[in-house]
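Undergrad: Model the following, please.
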Amino acid sequence: MTLHLCDRNPTVAPETLIAEMVPPSTFDDVSFDTYIPSPSEPSQTAALAAARSFADRARQVRGGKHGFFGRRHAPKQGIGLYLDGGFGVGKTHLLASIYHAMPGPKAFATFVELTQLVGALGFINTVERLSEHTVICIDEFELDDPGDTMLVSRLLTELSGKGVSIATTSNTLPGQLGEGRFAAQDFLREIRKLSAIFEPVRVDGPDYRHRDLPPAPDPRTDAELDGLAEATPGASLDDFTALCEHLSTLHPSKYKALVDGVSLVCVSDVSPADDQSVALRLVVLADRLYDAGIPLTTSGCKLDEIFTEEMLAGGYRKKYLRATSRLLALSRFAEADAA
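TA: Have a look, this model is predicted:
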């Protein structure tokens with residue numbers, strides 16, 4: 001029987017949010033040794049060296065916490081690394097490699113997941129639960145919402161003062177080096193209390209998800225979509241409008257559980273999102289699907305037409321382009337599986 005995401009209404013315990021703060025499964029086996037810098041992009045070689053150095057120094061921050069006779073020393077100040085660059089240049093690979101190189105306890109989360117954690121547990125409880133961590137790795141630090149940015153800045157200030165090191169990536173657009181430099185400056189300004197500990201490192205290069213790849217697959221017909229969903233064990237099938245309405249009833253922290261165990265997501269009658277709230281929910285869903293490596297196939301409009309030119313011209317442009325990149329990658333996964 002074909003699954004329907006619209007029929008699912010998962011519940012997620014706050015404690016589960018902490019336990020699930022790990023890199024996406026697609027990065028389970030990555031390491032510094034598996035990161036292959038492009039010979040034409042020297043910044044990638046420099047970023048790899050900076051990430052290795054950060055992990056070495058962060059381990060030293062947490063080393064030797066106890067002196068003679070077991071007396072506890074005051075924690076050292078945590079250190080920080082900010083990987084600034086475009087989509088698909090390997091920033092998440094480096095961030096996950098840092099996570100894997102560090103002893104536990106440790107955490108890996110997107111910026112949105114971190115804000116959701118504070119919302120679920122409360123600020124003080126979140127600080128208490130994360131204060132013994134060796135490192136917090138934050139993928140795609142966002143500057144779109146001043147309130148969330150300052151909340152996370154305050155959280156990181158508290159944690160770094162307790163010896164927790166922080167590594168984070170940006171979502172700067174590729175091919176816009178000037179904007180990339182401004183992104184680093186914006187980041188340091190917004191987290192001004194932490195700026196002294198952060199080392200900004202630029203990572204340049206084309207989006208690897210689109211290197212030497214054919215254009216995105218054309219949408220399927222509704223009949224093809226129905227047949228594929230029925231023939232694929234664990235596949236889900238939903239109407240695009242109904243799915244968007246269902247997402248509006250769920251907290252974004254539940255989107256991961258929403259697609260848990262799904263082997264293929266099929267969405268019919270996809271159309272451009274004409275509402276910012278709908279578009280932002282689709283961004284979160286795209287991230288959860290990409291993290292889990294779940295292929296996506298659709299009917300209706302092309303996936304690179306979901307976010308309209310009006311949306312792309314607004315303040316969330318970076319989010320929408322990242323989501324488009326990931327949706328296209330997922331559609332190629334589905335195309336390859338069906339071949």
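
Undergrad: thought residue 246 was touching residue 6?
TA: Yes. The criterion here is C-beta atoms under 8 Å, and residue 246 meets it with residue 6 at 4.4 Å. The way it works is simple: take the backbone N, C-alpha and C, and place the C-beta from them, glycine included.

Undergrad: Mutual contacts of the two, please.
TA: Counting by C-beta atoms under 8 Å, 6 or more residues apart in numbering, the shared contacts of residue 246 and residue 6 are residue 238.

Undergrad: Point out where the stretch 101-250 of the chain drops to low pLDDT.
TA: Residue ranges of the stretch 101-250 of the chain with pLDDT under 70: 143-146, 171-195, 206-216.

Undergrad: And the strands in the stretch 201-339 of the chain?
TA: 235-239, 264-270, 296-300 (DSSP state E, counting those that start in this stretch).

Undergrad: Tabulate these (JSON lines), appending distance to residue 46 and mean neighbour count.
TA: What follows is the strands of the stretch 201-339 of the chain, written out as JSON lines (distance: least, C-beta to C-beta, whole Å; neighbours: other C-beta atoms under 10 Å):
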{"stretch": "strand 235-239", "distance to residue 46": "43", "mean neighbour count": "21"}
{"stretch": "strand 264-270", "distance to residue 46": "38", "mean neighbour count": "23"}
{"stretch": "strand 296-300", "distance to residue 46": "35", "mean neighbour count": "22"}
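
Undergrad: would CSV of those strands with distance to residue 130 be doable?
TA: Below are the strands of the stretch 201-339 of the chain laid out as CSV (distance: least, C-beta to C-beta, whole Å):
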stretch, distance to residue 130
strand 235-239, 34
strand 264-270, 32
strand 296-300, 32
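
Undergrad: Select, out of those, the one closest to residue 223.
TA: strand 296-300 (8.9 Å; C-beta to C-beta).

Undergrad: just checking, what packs against the closest one?
TA: For strand 296-300, the packing partners by 3 or more C-beta pairs under 8 Å, 6 or more residues apart in numbering; DSSP states H and E come out as helix 222-231, strand 264-270, helix 317-338.

Undergrad: hmm, try it at 6 Å
TA: With contacts defined as 3 or more C-beta pairs under 6 Å, 6 or more residues apart in numbering; DSSP states H and E, strand 296-300 has these neighbours: strand 264-270, helix 317-338.

Undergrad: element containing the spatially closest residue to residue 123 that is not a sequence neighbour, please.
TA: Closest residue in space to residue 123, ignoring its immediate chain neighbours: residue 155 at 6.9 Å, by C-beta to C-beta, 6 or more residues apart in numbering. Assigned by DSSP states H and E, residue 155 belongs to helix 146-161.

Undergrad: Would you mark the buried spots in that helix?
TA: Judged by neighbour count (16 or more other C-beta atoms under 10 Å), helix 146-161 contains these buried residues: 148, 149, 151, 152, 153, 154, 155, 156, 158, 159, 160, 161.

Undergrad: re earlier: so which of the strands of the stretch 201-339 of the chain is nearest residue 256?
TA: Residue 256 lies closest to strand 264-270 among these, at 13.2 Å (C-beta to C-beta).

Undergrad: Neighbouring strands - and their directions - for the closest one?
TA: According to DSSP bridges, strand 264-270 forms sheet pairs with strand 235-239 (parallel), strand 296-300 (parallel).

Undergrad: and it, how far from the chain's centre?
TA: Relative to its chain's centre, strand 264-270 lies at 22 Å (C-alpha atoms, centre = their mean, to the nearest Å).
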